[in-house]
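Visitor: I'll drop the sequence and a predicted model, then ask my questions.
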Amino acid sequence: MGMGVDVHGLDYTNAAKRAVFDALHHSSLGFQRLIGKTADDMRVDVTIGVPEPGAVDGDAVIATLPHGTGHINVVQGGLQVLNDEGTDGTLIANAIVIVSFDDGN
């Protein structure tokens, strides 16, 4: 799990990238060697929660993954607080990253 914030500018893609970065850096995977796989064999399912799902460039978020084959689902969630004029604000994106391996069956 991770959280990414864009303090000014309401850049949904940057907030989503930061959330994925945060999620990845809360984890450590070493078990793939035990099952005869490498990090590049991973399937990486990313779910991003933001107030405006259509504002996230999913391809750009997936491009930040260091290993594996990424798949993204952007859903309603996160938090956005606008300034008094409604022209700027703070945006919070949440990410869940799930890693799996094909068992060969």
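Guide: Yes, it's here.
Visitor: going forward, measure contacts and count neighbours with C-alpha atoms only.
Guide: Will do.
Visitor: does the residue nearest the centre of the chain sit in a helix or strand, and which one?
Guide: Most central residue of the chain, judged by C-alpha distance to the mean C-alpha position with CA atoms, centre = their mean, is residue 20 at 3.3 Å. With elements delineated by DSSP states H and E, residue 20 resides in helix 12-24, which encompasses its position.
Visitor: residues in contact with the residue nearest to the centre of the chain?
Guide: For residue 20, the contacting residues are 1-4, 46, 61, 95-97, by CA atoms under 8 Å, 6 or more residues apart in numbering.
Visitor: Just after the helix holding residue 20, pick out the following helix or strand.
Guide: Scanning the chain past helix 12-24 towards its C-terminal end, the next helix or strand to appear is strand 43-50 (assignment: DSSP H and E).
Visitor: Wait, residue 49 touches residue 91, no?
Guide: No. Residue 49 lies out of contact with residue 91 (CA atoms under 8 Å); the separation is 11.0 Å.
Visitor: Mutual contacts of those two, please.
Guide: When CA under 8 Å, 6+ apart defines a contact, the residues bordering residue 49 and residue 91 alike are residue 78.
Visitor: quick one on the thing from earlier: most neighbours of all the contacts of residue 20, which one?
Guide: For the contacts of residue 20, the largest neighbour count, defined by other CA atoms under 10 Å, is 28 neighbours, found at residue 95.
Visitor: Determine the longest strand present in the protein.
Guide: Determined from DSSP state E, the single longest strand within the chain is strand 89-100.
Visitor: Starting from it, tell me which strands it pairs with and how they run.
Guide: Using DSSP bridges, the strands paired with strand 89-100 in its sheet are strand 2-6 (antiparallel), strand 43-50 (antiparallel), strand 79-82 (antiparallel).
Visitor: And the closest residue in space to residue 101 that isn't next to it in sequence, how far from residue 73?
Guide: In space, and not counting its chain neighbours, residue 101 is closest to residue 42: 5.2 Å by CA to CA, 6 or more residues apart in numbering. According to CA to CA, to the nearest Å, residue 42 stands 17 Å off from residue 73.
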